[in-house]
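Enquirer: Curious how this folds, go ahead:
(one chain, ligands or ions: 1)
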Amino acid sequence: MRGARLFQESLKQSVFGVLSGVLGEHWIGNEVLHLLTNQKNYRLRVEMTDWERNTAWAEYDYFMVDDESESYRLHVTGFRNDSTAGDGLLKHNGMKFSTWDVDNDLAGKDFGGSCAKRFHGAWWYFKCYKSNLTGRYYRDGRITDGMYDGVSWKAWRPSTVSLKKVEMKIMPRNVQKVN
Ligand SMILES: [Ca+2]
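Expert: Numbering: from 1, shown residues only. Just a heads-up that it's a prediction; the model follows:
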């Protein structure tokens with residue numbers, strides 16, 4: 001997921017990479033994500049790579065996104081404890097999606113009131129994030145001092161470091177796991 005391409009998208013157009021192992025580098029909107037994840041029970045797998053080519057993953061047994069009337073609220077449960085990346089989403093569970101122009105986060109005065117603006121992403125922010133996968137894309141992974149606005153999964157790498165590549169993959173729960 002290339003965060004830099006995403007951070008200024010508005011709510012309805014916010015894009016999201018899923019099923020990338022199947023479809024190649026693909027981006028879909030939150031509306032499509034909602035429709036998809038409401039058809040069946042889906043599992044989520046997040047795969048990430050840093051700039052030293054280390055890889056890690058996190059899996060959740062249940063992943064669903066509400067519709068627009070609920071601001072694409074996130075439902076994610078069933079974190080797999082053996083995930084090598086650690087958990088970066090459970091604290092986002094139940095949060096609505098926020099963008100630079102639609103603020104649904106829990107930040108009042110903190111962070112200027114908008115996590116999306118402060119951290120240059122579009123995400124299910126609370127106050128503010130454990131993961132920021134649509135954050136600003138830094139070519140060498142080194143985030144500008146004090147910004148913490150990169151592509152981040154804090155359980156794996158500190159928010160001073162931006163990840164090189166992140167993919168979010170969803171799969172129906174009745175499909176056999178590969179790994
Ligand atoms: Ca706010």
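Enquirer: mind checking how far Met48 is from the ion?
Expert: Distance of Met48 to the ion, computed by C-beta to the ion, to the nearest Å: 27 Å. (Glycine included, C-beta is placed from N, CA and C.)
Enquirer: Correct me if wrong: Thr37 contacts Ile170.
Expert: Yes - counting by C-beta atoms under 8 Å, Thr37 touches Ile170, with 6.6 Å between them.
Enquirer: Quick check: neighbours shared by the two?
Expert: Phe63 (C-beta atoms under 8 Å, 6 or more residues apart in numbering).
Enquirer: what's the offset of stretch 160-177 from the middle of its chain?
Expert: 9 Å (C-alpha atoms, centre = their mean, to the nearest Å).
Enquirer: contacting residues around Phe79?
Expert: Phe79 neighbours (C-beta under 8 Å, 6+ apart): 58-61, 87, 89-90.
Enquirer: Which entries in those are shared with the contacts of the ion?
Expert: Among the contacts of Phe79, no residue is within reach of the ion (C-beta under 5 Å from the ion).
Enquirer: got those as a markdown table, with pLDDT columns?
Expert: Listed next are the contacts of Phe79 as a markdown table, based on pLDDT from 0 to 100:
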| residue | pLDDT |
| --- | --- |
| Ala58 | 97 |
| Glu59 | 95 |
| Tyr60 | 96 |
| Asp61 | 95 |
| Asp87 | 98 |
| Leu89 | 98 |
| Leu90 | 98 |
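Enquirer: With respect to the ion, which of those residues is nearest?
Expert: Distance ranking of those against the ion, using C-beta to the ion, places Leu89 first at 19.7 Å.
Enquirer: right, and that closest one touches Ala58 too?
Expert: Yes - the criterion here is C-beta under 8 Å, and Leu89 meets it with Ala58 at 7.3 Å.
Enquirer: Phi first, then psi, for Gly112.
Expert: phi 70, psi 10 (degrees, to the nearest 10).
Enquirer: who are the neighbours in contact with it?
Expert: Arg118.
Enquirer: now do the one 4 residues further on
Expert: Shown in contact with Ala116 (C-beta under 8 Å, 6+ apart): 7, 98-100, 102-103, 105, 122-123, 125.
Enquirer: Just the buried ones from those residues, in ChimeraX syntax?
Expert: A single ChimeraX command selects the buried members of the contacts of Ala116 (16 or more other C-beta atoms under 10 Å):
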select :7,98,99,100,102,105,122,123,125
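Enquirer: check the contacts of Ala116 against the ion, which are close?
Expert: Near the ion, by the rule C-beta under 5 Å from the ion, you find 103, 105 out of the contacts of Ala116.
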